[in-house]
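J.: Here is a sequence with its predicted model. Questions after.
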Amino acid sequence: MSVIEKLSIISDTITKLMNFVLNDETVKPDLDEYLTAIASKNVQGNALQSKLIPYIFERRLTSDKKSIIQLFEEKNSDISSEEKNILEALKTSFSSVFEVRRILSSGFDFYNLVNEKMYKVLSLVKMNNFRGMTPGQYALCRLFQMKDEYYLLEISNVLSSTNRDEVYKYAIAKIIEKPEDAYFQNPQKEKQIESLVIDFGKKFQECFKTNEIITTNQCADNLINLFNDYCDLEILPDEDEIQANIKNVENNRFFTVSDFKNSYSNFMEKSLEGFSSHSSIYDIGIIYNKELGLFVVPFWQTFCKIYEVEDYKTIQGYKDCVKNFLENDKVPAQIIKTAAEKYPNFIERTNEILETNYTLNELLSYYKADSFEKKIYSSASVLYASKIFEEMMKVVSDREEAAPIKEGIDYSKIGRNDKCPCGSGKKFKNCCMNKI
């Protein structure tokens, strides 16, 4: 099959998928809801196609969470063998943020900022559609792999090199949202992360003499900073400093924390502010998993109490808490396994609360399919190994060093471990104390 024939059948298959979602009696109502939710109900033409791509490749429907492609295959039994191969390849599609390194006659050389890998990409449309794109720009793209070749499904946005900081923030946010993207198709990066996890696991034990700490959100940042200081500077905290930051909430209850609703545009600022900036007080578990790394889990103690106490209904928000832990993608299967190992009544009580009849494996397969089937390192561990995160931190650090000391503040009254009054979110000793 020639390149032109291959590109043609790929394009035709994607067109069939789009027509399917626009007309299928099961999918069309959900698509309408989706378009309404993103304020795109009346879009047409190319604008509609740009909305259909993420819908087709990210949406899951029916009780068993089938993909659009799976539904298409079930309802189109007459598809050809070539189309079946293309559909299998399309299931591997992924989106990321790329730097444009070269523009070729039939595609691009892209550098993926998230997984630090180069991609030679073939375009499904004529290259004059990308007139105006230049090397050095950044592109938010979706690609898929078929045999040994990569194809460009869409470019959703193009940013100039002057927007580097915003692009870096977006790339880091992608890593935090989906850590496995940072080592996707990059076994060398995965080995590096695996080595870091083992090393930091030893340091966590040396630092805290345990793999699990329960405290409040007001103190969690301080404990994490103590661990960071030990990892980066080999400053081992004294026991009194650790114990001063281990506190319990007055009573365990689950509720919605509005501060968790961060966007890609403000996540860096929110991350620097930390958990202690949240107006509500709640419990947090700082857990080190020897295989996956460091997890900071809000409401971990509340979740555990549901399985510890005789009458779990005395815990406010118990059902929402269980559902949150199961439905929240940031809580991997391994954390749920940890709870199941700690509490023999875990699956029985979970089924009672949810009115279900799962085995543990069935529960994990349904709610945690991604992290149950593959190894997903914690976002904190992945960020430590990320070049883009390291570069962004250098930018932030350079700006802080260049920033003038605020006038009218008596720095002599600020403790080394207090929050710096400049608003950086860091401890005073790691920020403006060095400028005085």
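T.: Cool, the structure landed.
J.: Okay, the residue nearest to residue 67 when sequence neighbours are not counted and residue 375: tell me how far apart.
T.: Distance criterion C-beta to C-beta, 6 or more residues apart in numbering; nearest residue to residue 67, sequence neighbours excluded, is residue 60 at 6.1 Å. Bear in mind the C-beta positions are built from the backbone N, C-alpha and C, glycine included. Remark: distance between residue 60 and residue 375 (C-beta to C-beta, to the nearest Å) = 22 Å.
J.: separation between residue 62 and residue 369?
T.: 14 Å.
J.: hang on, I meant residue 75
T.: 23 Å.
J.: same thing with residue 42?
T.: 34 Å.
J.: do residue 116 as well
T.: Taken as C-beta to C-beta, the span from residue 116 to residue 369 is 27 Å.
J.: In terms of packing, which of those two has more residues around it?
T.: residue 116 (17 against 13; other C-beta atoms under 10 Å).
J.: what residues are up against that one?
T.: Applying C-beta atoms under 8 Å, 6 or more residues apart in numbering to residue 116 gives the contacts 182, 186, 189, 386, 387, 388.
J.: quick one: low-confidence parts of the stretch 301-436 of the chain?
T.: Where the stretch 301-436 of the chain drops to pLDDT under 70, the residues are 396-408, 417, 423-427, 429-430, 434-436.
J.: chain center to the helix or strand residue 341 falls within: distance?
T.: In this structure, residue 341 is located in helix 333-342 according to DSSP states H and E. Here helix 333-342 is found 20 Å from its chain centre; the criterion is C-alpha atoms, centre = their mean, to the nearest Å.
J.: Kindly report the same for stretch 325-344.
T.: Here the centre of stretch 325-344 is set off from its chain's centre by 17 Å, with C-alpha atoms, centre = their mean.
J.: Return it as CSV; C-alpha atoms alone will do.
T.: The C-alpha trace of stretch 325-344 is given here as CSV (Å, rounded to 0.1, in the frame of the first residue of the first chain):
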residue,chain,number,x,y,z
PHE,A,325,-11.4,7.6,46.8
LEU,A,326,-12.7,5.2,44.1
GLU,A,327,-13.7,7.7,41.5
ASN,A,328,-10.8,10.2,41.9
ASP,A,329,-8.1,9.4,39.3
LYS,A,330,-5.4,10.9,41.6
VAL,A,331,-5.9,8.0,44.1
PRO,A,332,-4.3,5.0,42.4
ALA,A,333,-5.3,1.4,42.8
GLN,A,334,-2.3,0.8,45.1
ILE,A,335,-3.6,3.2,47.7
ILE,A,336,-6.9,1.3,47.7
LYS,A,337,-5.0,-1.9,48.0
THR,A,338,-3.1,-0.5,51.0
ALA,A,339,-6.5,0.1,52.7
ALA,A,340,-7.7,-3.4,51.8
GLU,A,341,-4.5,-4.9,53.3
LYS,A,342,-4.9,-2.9,56.5
TYR,A,343,-8.6,-3.7,57.0
PRO,A,344,-10.0,-7.3,56.6
